[in-house]
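*Asks:* here's a sequence, model it:
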Amino acid sequence: MEPKNLTEMNKVMLAAMHEMFTTGMNAMNTMQAQAERMVQALQDKNSESYNLSGGVMDEWISSVKKGQDEFRKIVDDNFSRAESHLNSIGKQTGKK
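*Replies:* The predicted structure is shown next:
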């Protein structure tokens with residue numbers, strides 16, 4: 001198999017992996033949103049104990065969202081770097 005074809009195959013595989021990652025993250029975000037709604041419903045029904053907890057659950061939810069956003073950004077950046085690397089390899093093999 002020629003290097004150019006191999007590079008193109010790697011690009012397709014990378015795009016597929018990025019799509020799988022995005023789908024998985026979206027599924028986890030949906031589950032997280034459902035968990036947040038459940039926690040909010042429990043807090044609404046039991047407001048006295050919620051007031052005693054000092055909003056720990058709110059802090060936890062915001063920490064999880066921040067972590068998800070940072071993780072997604074890091075992974076997306078790394079996918080972009082890998083794609084750039086494959087593009088540079090494709091340009092180098094095209095010059096020869």
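
*Asks:* now the element after the lowest-mean-pLDDT helix or strand in the chain, going C-ward?
*Replies:* Between all helices and strands in the chain, the lowest mean by mean pLDDT, DSSP states H and E belongs to helix 47-53, at a mean of 66. Downstream of helix 47-53, the first helix or strand assigned by DSSP states H and E is helix 56-95.

*Asks:* what's that following helix packed up against?
*Replies:* Applying 3 or more Cβ pairs under 8 Å, 6 or more residues apart in numbering; DSSP states H and E, one finds that helix 56-95 contacts helix 3-45. Backbone N, C-alpha and C define where each C-beta goes, glycine included.

*Asks:* now do the helix it packs on: distance to the chain's middle.
*Replies:* Here helix 3-45 is found 5 Å from its chain centre; the criterion is Cα atoms, centre = their mean, to the nearest Å.

*Asks:* ok, now stretch 76-93?
*Replies:* 20 Å.

*Asks:* fine by me, we can end here.
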